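**Student:** Sequence and predicted structure below; questions after.
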Amino acid sequence: MKSLGTVRKVDELGRIVLPIETRRRLELEAGDGVEIFVEKDRVILKKYEPACLFCGDADDVLIYRDKRICRKCLMELKTEADNAVPLEDMD
């Protein structure tokens, strides 16, 4: 992890202003989402990119029944569903 040598203070509402250099490096624009992770004594910020529920890939993601799923996983599910055996036929 590379230190940028920048220190910011937390304000009374718990906010921190990210320097323009950091926003540019992460390609963050006003209104973009940021994921927050905590790892031991570190806070890690990552630009939020919606990813597939199944494989975690952020490319070619669609919304299916309010879930994010990539086209590849959706096609795999369709193929599996076409070949699935109904539960009542398993008895």
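**Tutor:** Received it, and whenever you're ready, just let me know what you need.

**Student:** Give me the domain ranges for this protein.
**Tutor:** Domain assignment for the chain by automatic domain parsing gives 1-48, 50-84.

**Student:** tell me the most buried of those domains?
**Tutor:** Of all the domains of the chain, domain 50-84 has the most neighbours on average by mean count of other CB atoms under 10 Å, namely a mean of 12. For the C-beta atoms, the positions are set from N, CA and C on the backbone; glycine is no exception.

**Student:** now do the same end-to-end measure for it.
**Tutor:** Domain 50-84 stretches 29 Å from its first residue to its last (CA to CA, to the nearest Å).

**Student:** so can I have CSV of the domains of the chain showing mean pLDDT?
**Tutor:** Supplementary listing: the domains of the chain in CSV, determined by pLDDT from 0 to 100:
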stretch, mean pLDDT
domain 1-48, 89
domain 50-84, 89
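
**Student:** could you show me where the helices are in this protein, in order?
**Tutor:** Here the chain has its helices, by DSSP state H, at 20-25, 71-83.

**Student:** And the longest one, what does it pack against?
**Tutor:** Helices and strands in packing contact with helix 71-83 are listed as strand 61-64; criterion 3 or more CB pairs under 8 Å, 6 or more residues apart in numbering; DSSP states H and E.

**Student:** Can you tell me how far the nearest residue to residue 60 once chain neighbours are set aside is from residue 52?
**Tutor:** Excluding its sequence neighbours, the residue lying closest to residue 60 (CB to CB, 6 or more residues apart in numbering) is residue 71, at 4.7 Å. Distance, residue 71 to residue 52, by CB to CB, to the nearest Å: 9 Å.

**Student:** which residues are in contact with stretch 68-84?
**Tutor:** Contacts to stretch 68-84, defined as CB atoms under 8 Å, 6 or more residues apart in numbering, come from residues 50-55, 57, 59-64.

**Student:** An error on my part: the question was meant for stretch 38-50.
**Tutor:** Stretch 38-50 has contacts (CB under 8 Å, 6+ apart) with 18, 26-28, 32-37, 58, 61, 68.

**Student:** if you set the cut-off to 6 Å instead, what comes out?
**Tutor:** With CB atoms under 6 Å, 6 or more residues apart in numbering as the test, stretch 38-50 has contacts from 26, 28, 33-35, 37, 58, 61, 68.
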